[in-house]
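Engineer: Quick one, fold the following:
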Amino acid sequence: MQETSVSVLIVDDSALMRNLTGKIFDDVPDITVAGTAMNGIFALQKIDQLNPDIIILDLEMPRMNGIEFLKERNKRGIKIPVIILSSLARKGAKITIEALELGASDFVLKPSGSVSHDIHKTKDQLVELIRVYGTRYKIKKEPESISAAEAAVHDKKQAAVFKEIRVQRPSFPIEIVAIGISTGGPNALRHMLPHLNPSLPVPVLIVQHMPPGFTSEFAANLNKICPLKVKEAEEGDPVVRGFVLIAPGDYHMEIIPKADTNRIHLSDAPPANGHRPSAGVLFTSIAKVYARRSLAVIMTGMGRDGAWEIGRIYSMGGITVAQDEESSIVFGMPRVAIENNVISHIVPLSKMAETINRLTLR
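Structural biologist: Sure, this is the predicted structure:
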């Protein structure tokens, strides 16, 4: 085992699934399976014994299921990140969103039911999420375990962290806010949206990378904590103040200009930047319709979705905001946009709502 490898605890009631999931990481040198457990009760015991860096958790288990485990985890103050891996995640979006509400970091769908012999299809996604969340936790837990070389790279990156730019009033009134977000997004949005001004004078459109069937439940969950009305976008929805519209899974979201009120158009066109919905598609549409009267925000996420297209809004005189590195779970999408020199303001998550409120004041 490498000194800096991330240790994983796999929790699933199926012995076959525990074995198949563990085998995914056999050829991944920086991830080690520390142990397995058949339900939440045994998982809590194994946590004390193994001190893992991350937990892969099934939801449907006997005696103590995934939701019950997360509740007990919170009671005990356990901070180990949890990735949900469950067949219930596909047919039970509500329970998956509840798991995220209880502190799970992210979720991955089993490809073909509770016992998925093709679980290897999730390998790339699982490996990425384990590296992201597990490594962050490991660094906080055991900073001395990081090698001198890795520490030097980290210090160099920290020295290059982009400074927050003082928020200035836009030259033209903002008429819309568009947000692109991916990995780490559900929890980031739960943190940010409650702090939006209940009198925000503009509509808010969000592309959160999420599978089909989840965005409706996700929007309903956010609606409980946001002072604005949050809903999954539907074809023809009016784009009006007081609403936060979230792109449905597997559909691009665009704006169709109308004489009375601009409307939402949903499209099943091919993925853009590897995603559908795509933040890039939304930003391109916003640039065409609103130009310099738009505010675009790019937040935590892997890859580069929206990082180039947000530049169209910037070039037209619109305002562009990026989440900073320290508060991003993955500083991918924001980093590319910043390096492209198309960002007006760089702010931490804790100040994102305040920034949006301030820039949209009239």
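
Engineer: Pull the number of nearby residues for the closest residue to residue 261 other than its chain neighbours.
Structural biologist: Take residue 261 and drop its neighbours on the chain: the residue closest to it by Cβ to Cβ, 6 or more residues apart in numbering is residue 238, 4.5 Å away. For the C-beta atoms, the positions are set from N, CA and C on the backbone; glycine is no exception. Using other Cβ atoms under 10 Å, residue 238 has 13 other residues around it.

Engineer: cool, residue 37 as well?
Structural biologist: 25.

Engineer: host element of the closest residue to it other than its chain neighbours?
Structural biologist: Spatial nearest neighbour of residue 37, chain neighbours left out: residue 43 (4.1 Å); criterion: Cβ to Cβ, 6+ apart. Using DSSP states H and E, residue 43 maps to helix 40-50.

Engineer: other SSEs contacting that helix?
Structural biologist: Contact here means 3 or more Cβ pairs under 8 Å, 6 or more residues apart in numbering; DSSP states H and E; on that basis helix 40-50 packs against strand 6-11, strand 31-37, strand 54-57, helix 66-75.

Engineer: one step back: who's in contact with the residue nearest to residue 37?
Structural biologist: When contacts are counted by Cβ atoms under 8 Å, 6 or more residues apart in numbering, residue 43 touches 9, 11, 37, 55, 57, 64, 69.

Engineer: Quick check: the fourth one touching residue 79?
Structural biologist: What that stands for is residue 55. No: here residue 55 lies out of contact with residue 79, judged by Cβ atoms under 8 Å, at a distance of 11.0 Å.

Engineer: neighbour count winner among these two?
Structural biologist: Shown here are residue 55 and residue 79; by other Cβ under 10 Å, residue 55 has more neighbours (29 against 11).

Engineer: so what's that one bridging to?
Structural biologist: Note on residue 55: beta-bridge partners by DSSP bridges are residue 9, residue 82.

Engineer: show me what contacts it?
Structural biologist: Listed by Cβ under 8 Å, 6+ apart, the contact partners of residue 55 are 8-11, 43, 47, 80-83.

Engineer: Just give the number of residues close to the nearest residue to residue 197 once chain neighbours are set aside.
Structural biologist: Distances taken as Cβ to Cβ, 6+ apart put residue 357 closest to residue 197, at 4.4 Å, once the chain neighbours are dropped. By the measure other Cβ under 10 Å, the count of residues near residue 357 is 14.

Engineer: element containing residue 357, please.
Structural biologist: With DSSP H and E as criterion, residue 357 is part of helix 352-359.

Engineer: next structured bit after the least confident helix or strand in the chain by mean pLDDT?
Structural biologist: Lowest on mean pLDDT, DSSP states H and E among the helices and strands of the chain sits helix 148-159, with a mean of 46. Per DSSP H and E, helix 148-159 leads on to strand 176-181 as the next helix or strand towards the C-terminus.

Engineer: Among the contacts of residue 43, which one lies nearest to residue 256?
Structural biologist: Proximity of the contacts of residue 43 to residue 256 (Cβ to Cβ) peaks at residue 57, which lies at 41.5 Å.

Engineer: So the closest one is in contact with residue 83, correct?
Structural biologist: Yes: using Cβ under 8 Å, residue 57 is in contact with residue 83, at 6.9 Å.

Engineer: With neighbour numbers in mind, choose between the two.
Structural biologist: Between residue 57 and residue 83, residue 57 has the larger neighbour count (other Cβ under 10 Å), namely 27 against 21.
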